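> From the sequence below, what's the structure:
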Amino acid sequence: MITHVRSVALGVPDLRKAREFYEKHWQLEVVESDGERLYLGAGCQESHVLRLRESKETRVDLLSLACESKADVDQIAANVSRHPDAKLITEPNVRQDFGGGYGFHFLDCDGRTVEVSSNVAWRSFRPVEERESRPKGISHVVFNTQDIKRTSEFYRSALGFKISDWVEDFFVFMRTGRQHHIMAFVRAKHSSLNHVSFELLGLDEFMRATGAMIRLGHQPVWGPGRHGAGDNAFSYFQDSNTGFVMEYTTAMQQIDEAHGWTPQVYSSRAEDRDQWGTANPFDEIVMTTLHGRPDPGLWTPPPI
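Numbers count the residues shown, from 1 in each chain. Next comes the predicted model:
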C-alpha cells in the first residue's frame, strides 16, 4: 500500500537561484549535492523531500511515492504493468537514486514519471520544535489534468487510492490512509503541477512560516486561510524563478475508516474555499498561477 508522498523532483534552469529559494526562504536543508543535483530535506526521516536538477526546461522530473515493503512494491508494479493507461519505465530493482532502497518507475495516464519505492535509508534529522517555521515534510501534491475522471480512476485502480471528497466536478481529493488527501487532481486545459504542499507543526508554526515568507518579500498567491474540503490551513507562494507554487499547510482532517466515509461534494463558493474568510479572493490570477504552464516533462522521463 502507498503510505505517503516521499519526495518531488524538479528540473530547474538555474540551480543556484532554486537553492536560494528552497533553502534560505522555504527553510529546507541541503543534505546532498553532486553539482548537477541538489537534495533537500525537512524535519523528517526521509532522505530528502525535494530534488532539484539543472535543466534547460522548467519541468517536473519525478513524483516519488512510498510504500511499506518490497512485496508492496512488487504488487503495485504488477498492477501498473497490467494497466492499459500506464507504461513501465523500469522493473522493480535496487533503487539508484540518493537514499538507495527498492523501487520502480512508470509513466501514469497523463505522462508523469512516477516512482514507487520502499526500504529507502532514513537519515538523522532534527525534529521541528514548537514556534519553529521549518516544514516537517511533504503533506500532499496536487496536479492539473485534462481528464480528471480518467486520472482519478487510474490512481484508484492502479495504485489503490480512494476518493475522499470533490469540489463540484473539477477537483478530486485522494487518500491511501487516514489523511484526507496525499494527492489531488484539478481539471485544467493542460497537465502540469498545481502545487506541492509542505506540513507545518501546527497552526502557530503555520502562521510563523507564512509571516517569514512575507517578510522576505513573497506575497501569498492565495491565503492564509482554511479550506473546506480537508479542513487544512493554507498559504500558497510562488517561486518566481520557476513559476512553481508551494503551499504551507497544517491540521488536515483525519478520516476514521472504521466508521465509514462517504465522499462529499463541496461547492466553489468562497465559504467552502476558505472557512476563515481571511484569504484573498480566488480570482483568475490565482487560478492561472496554480494551473501553471504545460509541463514539458510529460512522456519524457528525466535522464536520472
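> List the buried residues in whichever strand in the chain runs longest.
The residue-count maximum for a strand in the chain (DSSP state E) belongs to strand 2-12. For strand 2-12, burial by neighbour count (16 or more other C-beta atoms under 10 Å) applies to 2, 4-12. C-beta coordinates here come from the backbone N, C-alpha and C atoms, glycine included.
> how far is it from where the chain is centred?
Centroid separation between strand 2-12 and its chain, computed with C-alpha atoms, centre = their mean, to the nearest Å, is 6 Å.
> Can you name the secondary structure element that comes next after that strand?
helix 15-19 (DSSP states H and E).
> Contacts made by that following helix with the rest, please.
With contacts defined as C-beta atoms under 8 Å, 6 or more residues apart in numbering, helix 15-19 is touched by 10, 12, 30, 36, 38, 52-54, 239, 241-242.
> Go through it and flag the buried ones.
Of all the residues in helix 15-19, those buried under the rule 16+ other C-beta under 10 Å are 15, 18-19.
> Stretch 176-192 now?
176, 179-188, 191-192.
> Let's verify Gly230: helix, strand, or coil?
coil (DSSP: H, G, I helix; E, B strand; the rest coil).
> all helices of the stretch 1-150 of the chain, in order?
15-19, 70-82, 148-159 (DSSP state H, counting those that start in this stretch).
> what angle separates the last one from helix 70-82?
In this case it means helix 148-159. 130 degrees (axes from the mean of the first three to the mean of the last three C-alpha atoms, to 10 degrees).
> I'd like to check the angle between helix 148-159 and strand 2-12, please.
Going by the same axes, to 10 degrees, helix 148-159 makes 120 degrees with strand 2-12.
> from the contacts of helix 15-19, which would you call buried?
Using 16+ other C-beta under 10 Å as the burial test, the contacts of helix 15-19 include 10, 12, 38, 52-53, 239, 242 as buried.
> Show me the two of the residues you listed that sit farthest apart.
Maximum pairwise distance among these (C-beta to C-beta): 14.9 Å, between Arg53 and Asp239.
> related to what we said a few turns ago, just send the buried residues of strand 2-12 back as CSV, with pLDDT and distance to Thr278 too.
Below are those laid out as CSV (pLDDT from 0 to 100; distance: C-beta to C-beta, whole Å):
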residue, pLDDT, distance to Thr278
Ile2, 98, 33
His4, 98, 28
Val5, 98, 27
Arg6, 98, 32
Ser7, 98, 31
Val8, 98, 28
Ala9, 98, 33
Leu10, 98, 30
Gly11, 98, 35
Val12, 97, 32
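> how deep is Pro127 tucked in, by neighbour count?
When neighbours are defined as other C-beta atoms under 10 Å, Pro127 has 11 of them.
> An error on my part: the question was meant for Leu298.
Based on other C-beta under 10 Å, the number of other residues close to Leu298 is 17.
> residues contacting the nearest residue to it once chain neighbours are set aside?
Leaving aside its chain neighbours, Leu298 sits nearest to Gly111 (3.6 Å; criterion: C-beta to C-beta, 6 or more residues apart in numbering). When contacts are counted by C-beta under 8 Å, 6+ apart, Gly111 touches 191, 298-300.
> what do you get if the cut-off is 10 Å, keeping everything else the same?
By C-beta atoms under 10 Å, 6 or more residues apart in numbering, the contact set of Gly111 is 87, 191, 295, 297-301.
> would you turn those residues into CSV with secondary structure?
Formatted as CSV, those follow (three-state DSSP):
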residue, secondary structure
Lys87, strand
Ser191, coil
Asp295, coil
Gly297, coil
Leu298, coil
Trp299, coil
Thr300, coil
Pro301, coil
